[in-house]
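A.B. asks: The sequence and its predicted three-dimensional model are supplied below.
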Amino acid sequence: MDAIIGKYRARMEAHGLVLTHPVGICFDLTVDEALGLLEYLQVYRQAVIELQRQEEEERLEHIFRRE
């Protein structure tokens, strides 16, 4: 099953996770690497959420400055 995550197409295969960027760059992660990435994101989840919040604030500030 494929999913779109931002710019990347993600799909699970028998050997692991494949992330493909529209320009053709492909990350072929083994099961262990995919689990390592998941663990990393879980550990830094709050930091990633904060980055997302900051990006959203900056985007909204940019929109309101143009009006």
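C.D. replies: Thanks, I have it. In this text the structure is predicted, and so the values were computed from the model without any measurement.

A.B. asks: What are the contacting residues of stretch 35-44?
C.D. replies: Applying C-beta atoms under 8 Å, 6 or more residues apart in numbering, the contact partners of stretch 35-44 are 17, 29, 48. Just so you know, the C-beta spots here come from the backbone N, C-alpha and C atoms, and that holds for glycine as well.

A.B. asks: Now do the contacts for the second one.
C.D. replies: Read that as residue 29. Applying C-beta under 8 Å, 6+ apart to residue 29 gives the contacts 16, 17, 18, 19, 37.

A.B. asks: can you count the residues close to the last one?
C.D. replies: By that I understand residue 37. Number of residues near residue 37 (other C-beta atoms under 10 Å) recorded here: 14.

A.B. asks: can you check the fourth one too?
C.D. replies: A total of 18 residues lie near residue 19 under the criterion other C-beta under 10 Å.

A.B. asks: Show the contacting residues for it.
C.D. replies: Residue 19 neighbours (C-beta under 8 Å, 6+ apart): 5, 8, 9, 10, 26, 27, 29.

A.B. asks: Let's see that with 6 Å instead.
C.D. replies: Shown in contact with residue 19 (C-beta atoms under 6 Å, 6 or more residues apart in numbering): 8, 10, 27.

A.B. asks: which SSE is it in?
C.D. replies: Using DSSP states H and E, residue 19 sits in strand 16-20.

A.B. asks: before we move on, back to that, check the contacts of residue 29 and tell me the two furthest apart.
C.D. replies: By the measure C-beta to C-beta, 18 and 37 form the most distant pair in the contacts of residue 29, at 12.5 Å.
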